[in-house]
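Visitor: Sequence and predicted structure below; questions after.
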Amino acid sequence: MTISPSIVDKAADATARATPTSLARHVRGLSDRAIAWLFIAPAIILLLAINIFPLLWAIYLSFTNYRANRPNAPVQGVGLGNYQRVLNDPDIWQAMQTTAHFVFWTIVLQTLIGFALAYLIDRKFRGHAFWTTIILIPMMLSPAVVGNFWRFLYEPQIGLFAYAVSLISGIPTSDIQMLGNVQLAPWAIIIVDTWMWTPYVMLICLAGLRSIPDYIYEAAEVDRASPWRQFWSITVPMALPFIMLAVLFRGIENFKMFDMVTLLTGGGPGSVTEVASITLKRAAFESWATGRASAFAIVLFVAVFGLANIYVKALNKVKQR
């Protein structure tokens with residue numbers, strides 16, 4: 001439907017008449033750049049209030065002995081004491097090691113499986129649209145739903161996962177304690193996270209594969225390049241920036257992994273699945289060591305920001321090749 005120019009002109013005239021004379025005079029005196037800043041200023045102020053202020057407040061608290069459960073107690077500066085306690089705490093280093101284990105294996109599995117699925121779907125076989133929709137379903141679910149769903153599947157007595165493993169391996173279902181076994185619990189979480197977020201990696205890789213022009217493959221066929229040579233010389237190099245982008249996104253998100261671990265194991269058995277975010281939560285809301293927790297949060301922020309910065313520089317070099 002098209003809008004008549006006369007209607008637009010009438011609306012513009014009505015708006016102009018409704019604008020106070022003093023305001024209209026000021027607006028006419030502004031440059032286009034000033035008007036643009038005037039429009040984006042509310043969004044910038046909101047961004048500063050939501051993101052920047054909490055960061056600055058956390059930095060301030062990290063140098064104090066503030067405790068959130070004692071808001072009226074006098075706050076004293078402790079210098080770098082909180083940072084020294086964080087960096088010298090073996091429990092925190094153990095949590096960081098556990099987090100690194102999760103991040104590494106989830107990224108490896110999600111990248112390999114996601115790229116393989118994207119490569120298959122890019123072949124555009126019969127029914128590929130239907131299977132694409134089915135594959136995307138886990139990504140659309142809430143983490144709370146996924147966590148409870150897989151917790152039920154992992155039940156040794158009634159869970160389908162235990163019965164499937166028992167059917168294949170012959171191990172009794174009562175011995176398959178995915179969430180209660182020290183060696184299996186970390187892999188149980190890795191399996192769930194891979195199941196849920198592999199479709200996300202697949203979408204990014206599929207976008208990379210679809211961006212490769214067909215004429216490059218046609219030229220390779222003219223030169224009698226085998227499909228295997230085309231895959232390693234054309235497909236992988238040209239899709240590599242998208243793969244690296246997916247790794248960056250999932251690496252940052254998995255470093256903050258909290259909800260899935262809390263729902264499945266709560267950090268147990270013992271502390272074998274206690275990732276950095278759970279350690280941070282316990283320091284802040286169980287021990288109420290708000291200053292030390294703020295220092296730990298800043299250390300995590302600096303670590304993730306630094307690693308992401310280095311990775312982005314590598315990604316830019318790959319894109320410029």
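Guide: All right, it came through fine.

Visitor: Could you measure from the closest residue to residue 290 other than its chain neighbours over to residue 92?
Guide: Using CB to CB, 6 or more residues apart in numbering and skipping the chain neighbours, the partner closest in space to residue 290 is residue 68 (4.5 Å). Just so you know, the C-beta spots here come from the backbone N, C-alpha and C atoms, and that holds for glycine as well. Using CB to CB, to the nearest Å, residue 68 is found at 19 Å from residue 92.

Visitor: phi, psi of residue 64?
Guide: Note on residue 64: backbone dihedrals following degrees, to the nearest 10 are phi -130, psi 180.

Visitor: And the one 3 residues further on, by the same measure?
Guide: With angles defined as degrees, to the nearest 10, residue 67 shows backbone torsions of phi -130, psi 130.

Visitor: Neighbours of it, how many?
Guide: Residue 67 has 18 neighbouring residues, counting by other CB atoms under 10 Å.

Visitor: Can you tell me the SS state at the closest residue to it other than its chain neighbours?
Guide: Spatially, and ignoring its direct neighbours in sequence, residue 67 is nearest to residue 288 (5.0 Å; CB to CB, 6+ apart). Following DSSP: H, G, I helix; E, B strand; the rest coil, the label given to residue 288 is coil.

Visitor: again, but for residue 308
Guide: Under three-state DSSP, residue 308 comes out as helix.

Visitor: what about the residue sitting nearest the centre point of the chain, distance to residue 160?
Guide: Centroid-nearest residue in the chain: residue 253, 2.6 Å away (criterion: CA atoms, centre = their mean). Computed as CB to CB, the residue 253 to residue 160 distance reads 27 Å.

Visitor: circling back: what's the pLDDT at the residue nearest to the centre of the chain?
Guide: Per-residue confidence (pLDDT) for residue 253: 93.

Visitor: What are the buried residues along stretch 296-313?
Guide: 296, 297, 298, 299, 300, 311 (16 or more other CB atoms under 10 Å).

Visitor: Ignore what I typed, I meant stretch 262-281.
Guide: Quick answer for stretch 262-281 (16+ other CB under 10 Å): 262-265, 267, 272-280.

Visitor: okay, how far is it across it, tip to tip?
Guide: 11 Å (CA to CA, to the nearest Å).

Visitor: Averaged pLDDT, it. What do you get?
Guide: What stretch 262-281 shows for mean pLDDT is 92.

Visitor: quick one: low-confidence ranges for the stretch 151-300 of the chain?
Guide: Within the stretch 151-300 of the chain, no stretch has pLDDT under 70.

Visitor: all helices for it, in order.
Guide: In the stretch 151-300 of the chain, the helices defined using DSSP state H, counting those that start in this stretch lie at 160-169, 185-210, 214-222, 227-230, 236-255, 259-264, 276-285, 290-320.

Visitor: and the angle from the last one to helix 276-285?
Guide: Angle between the axes of helix 290-320 and helix 276-285 is 150 degrees (criterion: axes from the mean of the first three to the mean of the last three CA atoms, to 10 degrees).

Visitor: angle of helix 290-320 against helix 236-255?
Guide: Between helix 290-320 and helix 236-255, the angle comes out at 170 degrees (the same axes, to 10 degrees).

Visitor: How about the first one?
Guide: Angle of helix 160-169 versus helix 236-255, following the same axes, to 10 degrees, is 130 degrees.

Visitor: swap in the third one?
Guide: When the same axes, to 10 degrees is applied, the directions of helix 214-222 and helix 236-255 differ by 130 degrees.

Visitor: residues of helix 214-222 that come out buried?
Guide: residue 220.

Visitor: about what we covered before: gap between the residue nearest to the centre of the chain and residue 176?
Guide: Residue 253 is 29 Å from residue 176, by CB to CB.

Visitor: do residue 81 as well
Guide: Computed as CB to CB, the residue 81 to residue 176 distance reads 46 Å.

Visitor: Could you do residue 167 as well?
Guide: Taken as CB to CB, the span from residue 167 to residue 176 is 11 Å.

Visitor: can you check residue 75 too?
Guide: Distance from residue 75 to residue 176, by CB to CB: 51 Å.

Visitor: if you count what's nearby, which of the two comes out ahead?
Guide: Counted by other CB under 10 Å, residue 75 and residue 176 do not tie: residue 176 has more neighbours, with 21 against 15.

Visitor: ok, now which ones touch that one?
Guide: For residue 176, the contacting residues are 156, 161, 162, 165, 166, 184, by CB atoms under 8 Å, 6 or more residues apart in numbering.

Visitor: ok, the residues you listed vs residue 211, which is closest?
Guide: Lowest distance from residue 211 to the contacts of residue 176 (CB to CB) belongs to residue 161, with 37.3 Å.

Visitor: I'd assumed residue 179 was in contact with the closest one.
Guide: No - using CB atoms under 8 Å, residue 161 is not in contact with residue 179; the gap is 10.4 Å.

Visitor: Are there residues contacting both of these two? Which ones?
Guide: Shared contacts of residue 161 and residue 179, counting by CB under 8 Å, 6+ apart, come down to residue 154.
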